[in-house]
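1. test case, fold it:
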Amino acid sequence: MNTLKKTILVFFIIMLAISGSIKAQVNPSINAEYTVEQIDEMYLKHRMSHQRDIRPTKELSAQLQKDFPNARDIDWEKSNVFYRADFEIGRINSKDYKAYYDMAGKLIMYKEEISTRALPADVKNTLDKDYSGYRIEDAKKTVKGKQTFYKVELEKGDTEIELILSSNGKVIREEVDY
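-> The predicted model follows:
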């Protein structure tokens, strides 16, 4: 096989690998028995409690694989409130995730690193309208029960802003750091 054919073949293999990791969208089934407020309270208790690395039960590990079939490099922690799994999805351009399971092993929340292109139009419109001139530094998606939120870190000069927005673009929280 000549060099050009090899180069074209390698190019197509790489493109297939990239498209495979892009198409691996995550949409796990979230337990909706908790309100966003209850999840926030549990999350605060989790952050304040002693967390320790654990080896998950077979059932918990199987649930994570069911919810996030392409999860890899998985690390587990347990507090008095949650089990938390930190993992990646994708080989090329992998994304970081955190999944939170209640003590019964039900998924109640997850956080996902996203690209700015993945932000919903309503969120982008709010950023364009109310934060023009700011550059998006980082974006994350959080799904709690049936609601989705976006954490966006903005920067302009020495000013940094951390926003939490609902999926319809409403600013839930704004923290400015000068």
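2. got a list of what Asp40 touches?
-> Lys144 (C-beta atoms under 8 Å, 6 or more residues apart in numbering). Every C-beta, even on glycine, is put in place using the N, C-alpha and C of the backbone.
3. next one: the one 3 residues further on
-> When contacts are counted by C-beta under 8 Å, 6+ apart, Tyr43 touches 81-82, 100, 109.
4. spatially central residue in the protein, please.
-> Glu112 (0.6 Å; C-alpha atoms, centre = their mean).
5. tell me the SS of Ile30?
-> Here Ile30 is recorded as coil under DSSP: H, G, I helix; E, B strand; the rest coil.
6. which of the helices or strands spans Lys45?
-> helix 36-48 (DSSP states H and E).
7. next, the buried residues of that helix.
-> 39, 42-43, 46 (16 or more other C-beta atoms under 10 Å).
8. do stretch 117-130 as well
-> Neighbour-count burial for stretch 117-130 [16+ other C-beta under 10 Å]: 119-120, 123-124, 126-127.
9. and for stretch 140-152?
-> 140-145, 149-152.
10. picking up where we left off before, which residue packs closest to the residue nearest to the centre of the chain, ignoring adjacent ones?
-> Distances taken as C-beta to C-beta, 6 or more residues apart in numbering put Lys141 closest to Glu112, at 4.7 Å, once the chain neighbours are dropped.
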